[in-house]
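Peer 1: here is the input, now give the coordinates:
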Amino acid sequence: MGWGGRSAIRKGGRGRGGGAHILNNPSVHQIKGATLSLNSAIAEYGISRADLEDVPCTWRSCHGNSYPLYQRSDVLAAVANKRACDPTFASAEKVKQDAKELAAAHAALAEATDKVNEIEASILNGGYLGLTGTNLSIRERLPKTDAKSLYCLDDSDLRGLSVTYGRGMMGNASENYLPEELLRAAEAKHGGPAGFLERRRKQQQRTRKKDLDEWKGKRASAQAAVARLAPLSSRNAGGAAAAASSSSSAVTLVPSSSGGGGKAKAPATSTPTTVGEAAAKKSAFAVLMKTGE
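Peer 2: Numbering: from 1, shown residues only. Presented below is the predicted three-dimensional model:
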């Protein structure tokens, strides 16, 4: 990575300063998000080239190809103007927004439903799976805190179990226990496997209640959004198709002039102009090129 390397970009660059120049150049940050190219404006807002003819733009050049760049605020103003003057466009835009919100609501509903099912399944089996020692991922010894939490034991229940000592926090030795021995102690304390399972269920209901209530609320909100938006989407399906057809027929191409057998390109400049003015400049530029020949 040239021009000062990674450190130049992160720290402002102590080398040649190339990275710092890119990072501190305000035009780099202003262009992304604050400005739109012609194709981006058309794709994002569903407008046509004709709608942008009177919108001020700045001409940029890339590898010899010139292209207009619009301020997003100017494009939004043009969209608002078309929305006010063209009921068909406003209706199509509303249908598109409703469809987008409906898709987001369906995604949120699916996510919330999966989370609720997962938590309810964990409560139902008490988080018991994997505690029996049959899970190959639980073969090593568990620290004392995890052993007491997972198997619902206290300090007195751990007496007499085999223990190993390791390095703990703050220089204290950690106590580690075998899952098989912890399981036998838990089943003996809570009345066998069924009693231990019921104890785990109660623990899961208490510890996961907050998460379950939160995801149930999200699911209810998503269900309400789907119920509200689905009828609108189905009702306006025909209107959306008609609006899309009308919008596509309204697209007009800016006439381009050619001289000397090639396309004339608008000169790259920072002076704001419009697409209509650019077309006139292209024609004048082509005439000059042809006269020069």
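Peer 1: what's the neighbour count on A105?
Peer 2: Neighbourhood size, A105 [other Cβ atoms under 10 Å]: 20. C-beta: built from backbone N, CA, C; applies to glycine.
Peer 1: who's in contact with L158?
Peer 2: 144, 147-148, 175, 177, 185 (Cβ atoms under 8 Å, 6 or more residues apart in numbering).
Peer 1: what's the answer for Y70, then?
Peer 2: 35-38, 41, 52, 55-58.
Peer 1: same list (the contacts of L158) but as a markdown table, adding neighbour count, distance to G191 and pLDDT.
Peer 2: Rendered in a markdown table, the data for those read as follows (neighbours: other Cβ atoms under 10 Å; distance: Cβ to Cβ, whole Å; pLDDT from 0 to 100):
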| residue | neighbour count | distance to G191 | pLDDT |
| --- | --- | --- | --- |
| K144 | 17 | 24 | 90 |
| A147 | 24 | 19 | 88 |
| K148 | 17 | 18 | 91 |
| E175 | 19 | 26 | 88 |
| Y177 | 22 | 21 | 91 |
| A185 | 21 | 13 | 93 |
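Peer 1: farthest pair in these?
Peer 2: In the contacts of L158, the most distant members under the criterion Cβ to Cβ are E175 and A185, with 14.1 Å between them.
Peer 1: S73 and D98, how far apart?
Peer 2: Per Cβ to Cβ, to the nearest Å, S73 is found 25 Å from D98.
Peer 1: may I ask which helix or strand of this protein has the lowest mean pLDDT?
Peer 2: helix 5-11 (a mean of 40; mean pLDDT, DSSP states H and E).
Peer 1: next step: the contacts of Y70 restricted to strands.
Peer 2: 35-37, 57-58 (DSSP state E).
Peer 1: what's the helix of greatest length in the chain packed up against?
Peer 2: Counting residues, the longest helix found in the chain (DSSP state H) is helix 87-124. Helices and strands touching helix 87-124, by 3 or more Cβ pairs under 8 Å, 6 or more residues apart in numbering; DSSP states H and E, are helix 72-85, helix 192-207, helix 209-235, helix 237-249.
Peer 1: no further queries at this time; thank you.
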